[in-house]
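Q: Next one to model:
(one chain, ligands or ions: 1)
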Amino acid sequence: MSAQRVHDNERSYAIELISAINDYLHGKDMHIKRAGGESTINERGRVKFPDVLLFSDRQRSTILQGWEIKCPDVKIDDEAFVSDARRKAELLGCNSCILWNFQHAELHVRTKEGSFEILESWTISERITDRASINAFQGEWMAFLHSLVDTIELFIASGRIKQRELGEVITDSVMPKIINDNKASVSTALKGRTAVDALVDINIRSWWRTVAKEYTLDESDAYCAYAKMLLIGWLNKFLFANLIKVYYQDAREVEGIAEGCTVEDAARCFALIASRCGFYHLFNSPPYFDSLPEATLSDLVQFNGLLQMCDLDQLDSRYRHRLLEESISSAKRQVSGQYPTPEPLARLMAELGVRNATGHAWDCCCGTGTIGKALWERKVKLTEPVMDDAADRAYRTTWLSDIHDFPLQVATLALSPREHIDSLLLVFQKNAFEVEPGTMVEFIDPSTGEEVGKAVPRFDTIASNLPYVDFNTKEIGRYSQIKDELKQEARAAGIKLHDRNDLYCYFCLYLERLLNDGGVACLLTSNTWLFSQAGVSFFEMLALKYQIEGVFVNGQARWFHKTKVMNALLVLRKKKPGDTPSDVRMGVVHASIGDLDDPAKRSAIVESILAGSDRSALVSQHRYSLEDIRRFHAWGITLYALCFGASSLSPLAGKLVPISSLFEVFRGVKSGYDSAFYSDDPCFVDPPFCFPLIKNLRGTHSYTLEPNQYVFICDKSKDELAREGHFKTLGHIRRHEAGVTESAKSNTPYWYSLPAGKSFHFATMMNPGDRLFFAQAGGDVCFANQRLICLRALSDHADLPLAHALLNSCAGLLMLESSGGPMGDGALDNRKESLASLSMLDPSLVAPESRQAILNAFEPLKGRPVKPLREELYEADREAFDKAVLQAFGLEDLHDRIRNALSTMVKVRTEELP
Ligand SMILES: C[S@@+](CC[C@H](N)C(=O)[O-])C[C@H]1O[C@@H](n2cnc3c(N)ncnc32)[C@H](O)[C@@H]1O
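A: Got it, this is the predicted structure:
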């Protein structure tokens, strides 16, 4: 008998068992309410469901147990039989399964350790030995079946057999499994298409270039990511069509997608549903959507069967709602690997952004729609008390768009009404740079199925989490043009807009065109522009176009789980004609996502920000005039530092001097061939060519540098070395000759003549961690490697001990911390250039008695290890020293403010990733 025939038999036996169980259950009040599984039995796909399923509700939304059915020619302990049954139970998250071959039956249950074991086994009838006897002794297995159902009922009552909600099963197990099991083969199918049509590769790679950054946590291969996106798209179509059947008769067409259907049949069916029910982005088909191997289509058909089996349209609407919510968050988790904006943060942005709830609001880079949904909810909340049609009105004024079609599917799901409505969903696909007021966008009207065009209005609110695409992208249409226009506009205002601003900076400026006068943009960006050179002119442009109601950085944990990304939240109000420039607010939101999820805490934050006053301990903010900001910039202080109240440094005006007027600032030596030039062994070459090296300050525990390696520096020829008897050095050179790097080849006169670099007086680390300090070089000639930034006094008469103390005072260290920003991994993003443009307390202003007091107070610190800054600042000797320094400048009152600002900045920067 062919395998297919065997299977057909088993399938019909399974169907017989299902109806026998249902007959037995009829009229009884048991935990087991129904059996099912008819529509999911399929041998062709990769993902398989049990042949028989027991449910604990009549709608079949809660699964109790799966059964694996075979004929007696498959032994009850057959390895494949057992493992299939257990695997299917796992897929459904069930803790038990039944194996049944008409001769024997077994109940397998999951142990506490997670493996399955046999709990009970039964002989149904010794007389049933082959297929013919199944029919002959039907009475025997039927009687046993009834007793088995009763036994299972007892196990359920005792809690040994547990149930699982279908919603969870679908979103947490089945969808991820179908995606994971099929993404490689779909990706291979896509590659197959590329082999015969080079354009496919061009299109997939061009898509990938604009999204790759969003996928960093997830997929690294363009084809796999695209395959995954296609699969999620298909699964969403099935799920959503089944969920909306209850409101839209036409969505029932999905039931026709069954075994034997082709990909084209399925696509036609969804196109029909789209044309009659709307939800275009969900049902529409992205390029190459039909690259589905047969087994994948089979899995999708089974998935459809599973959805139908559980009578989604009979479900209580709360349950249907929950299933939708679960599937949205599951899609978000897997989609895209994008960083969906956490919901509480989206709500905060909506609450900050929506001031006129009847005006139009837009998320121009909506991704999976989290912010769009929050905007809609906020509008409903504010208008409900005064308007009967609040929900409909909110739909008519909430716009969502994204450059990619795919996240829009999830966005459509997120925004979809829970009940039937006739409003259009204003969700569209467009590059935001191509949207202008008046741009016509097409939508499908769900009440007529007709296309309707709508002109994009000017908005009262734009709230968006802008993409993390860096400055050199060339993929986004109209980007260069907009950039040029904005640069020209900036030039006219005397601002030189830098070319190295990331894409989101241009977005922030561009969006002003789409706002009504007085309209608000609440935008989330990465925080890196706040400490980049390019960020300053961007900020000047922002201030030209908007009243900056706030630039806030996050001060507690990361808002995006498991990423290094730290954010800036911008609250900008478009200037009205005649508006005069007002102060700018910059601050820190010290709230975790958990805090933002608490409505009371969130409203207190919103009130503080909108009112510009401290109504919540979770927000700290500082006012600056543009002149202040320019002055701080001239001192080398970044915008990022201003958020933390570097304003406490204002009284230093007139007491500072540029570091570069006293010191030359440079980086240590870059060897380009570390193994040849550096060693831990002080005797690796002959003594005249071996010098102490400071590799980093990790091993330096005091304010005096401790060399931690040795460097080879030599400009003698090999002949000279031989003549002078430096054979060790010669041997060292020969040993490394074969691997000379390109960079070493450029050394002169010989590849091993490393430019010695300069000696120096002080050094500090590039990218320091929690210890922040300037260390002084000891007596010996020594060199630093490139991880150090070195300071060498320009004058032979410089007062080095005093300069060293001033640089290491709390004011000096706040300046150092304020010259950079957090790298996201705990380190400070500082550079030689940032230190070279920084200012320090002016040593020439210190009176002789104060000088001595400072040096005396510094002495105890030099005799002990340098501690992590947040401890260091609170040590008694350090406190006395800092006060002595501030006193010398008449600034002792500043001590607390400086210490607080510095310790908060270091805390935020070094806080561990969640
Ligand atoms: C950080 S994600 C937004 C996340 C979203 N708030 C969510 O919760 O899923 C940025 C989005 O910007 C979109 N995007 C990138 N460039 C765009 C452009 N030029 N126009 C419109 N959208 C763009 C990306 O496709 C991505 O979905």
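Q: who in the chain is up against the ligand?
A: 214, 338-341, 364-368, 370-371, 402-404, 407, 431-433, 465, 467, 476 (CB under 6 Å from any ligand atom). C-beta: built from backbone N, CA, C; applies to glycine.
Q: So how do I select the buried members of these in ChimeraX?
A: Applying 16 or more other CB atoms under 10 Å to these, the buried members can be selected in ChimeraX as follows:
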select :214,338,339,340,341,364,365,366,367,368,370,371,402,403,404,407,431,432,433,465,467,476
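Q: can you tell me which of the residues of the chain next to the ligand are in helices?
A: In helices, judged by DSSP state H, the following of these are found: Thr370, Ile371, Pro407.
Q: out of the residues you listed, who's nearest the ligand?
A: The shortest gap between the ligand and any of those belongs to Thr370, at 3.4 Å (CB to the nearest ligand atom).
Q: Relative to Val584, how far out is the closest one?
A: Distance of Thr370 to Val584, computed by CB to CB, to the nearest Å: 28 Å.
Q: I figured Cys643 hits Val551, correct?
A: Yes. Between Cys643 and Val551 a contact is recorded at 6.6 Å, counting by CB atoms under 8 Å.
Q: Which one's more surrounded, the two?
A: The neighbour comparison of Cys643 against Val551 (other CB atoms under 10 Å) goes to Cys643, with 28 against 25.
Q: if I pick that one, what's in contact with it?
A: Applying CB atoms under 8 Å, 6 or more residues apart in numbering, one finds that Cys643 lies in contact with Leu530, Val551, Phe552, Val553, Met586, Gly587, Val588, His622.
Q: Name the member of those residues with the most neighbours.
A: Met586 (28 neighbours).
Q: Which single residue in the protein comes nearest to the ligand?
A: Residue nearest to the ligand within the chain: Gly367 (2.7 Å; CB to the nearest ligand atom).
Q: Per the annotation, how does this structure divide into domains?
A: For the chain, the structural domains run 3-162, 174-462, 469-648, 662-673+689-713+754-910, 715-753, going by automatic domain parsing.
Q: can you list the ones you listed in a markdown table and add mean pLDDT?
A: Output for the domains of the chain, formatted as a markdown table (pLDDT from 0 to 100):
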| stretch | mean pLDDT |
| --- | --- |
| domain 3-162 | 86 |
| domain 174-462 | 84 |
| domain 469-648 | 88 |
| domain 662-673+689-713+754-910 | 90 |
| domain 715-753 | 91 |
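Q: Tell me which of these lies nearest to Lys655.
A: Closest of those to Lys655 is domain 662-673+689-713+754-910, at 5.0 Å (criterion: CB to CB).
Q: How far off centre is that closest one?
A: Distance, stretch centre to chain centre, for domain 662-673+689-713+754-910: 35 Å (CA atoms, centre = their mean, to the nearest Å).
Q: go on, stretch 264-274?
A: 33 Å.
Q: Would you mark the buried spots in it?
A: So for stretch 264-274, counting by 16+ other CB under 10 Å, buried means Ala266, Ala267, Cys269, Phe270, Leu272, Ile273, Ala274.
Q: My guess is the fourth one contacts Asn236. True?
A: By that I understand Phe270. No. Using CB under 8 Å, Phe270 is not in contact with Asn236, being 10.4 Å away.
Q: do you know how far the residue in the chain sticking out farthest from the centre is from Asn785?
A: Going by CA atoms, centre = their mean, the residue of the chain most distant from its centre is Arg723, 62.5 Å out. Per CB to CB, Arg723 is found 31 Å from Asn785.
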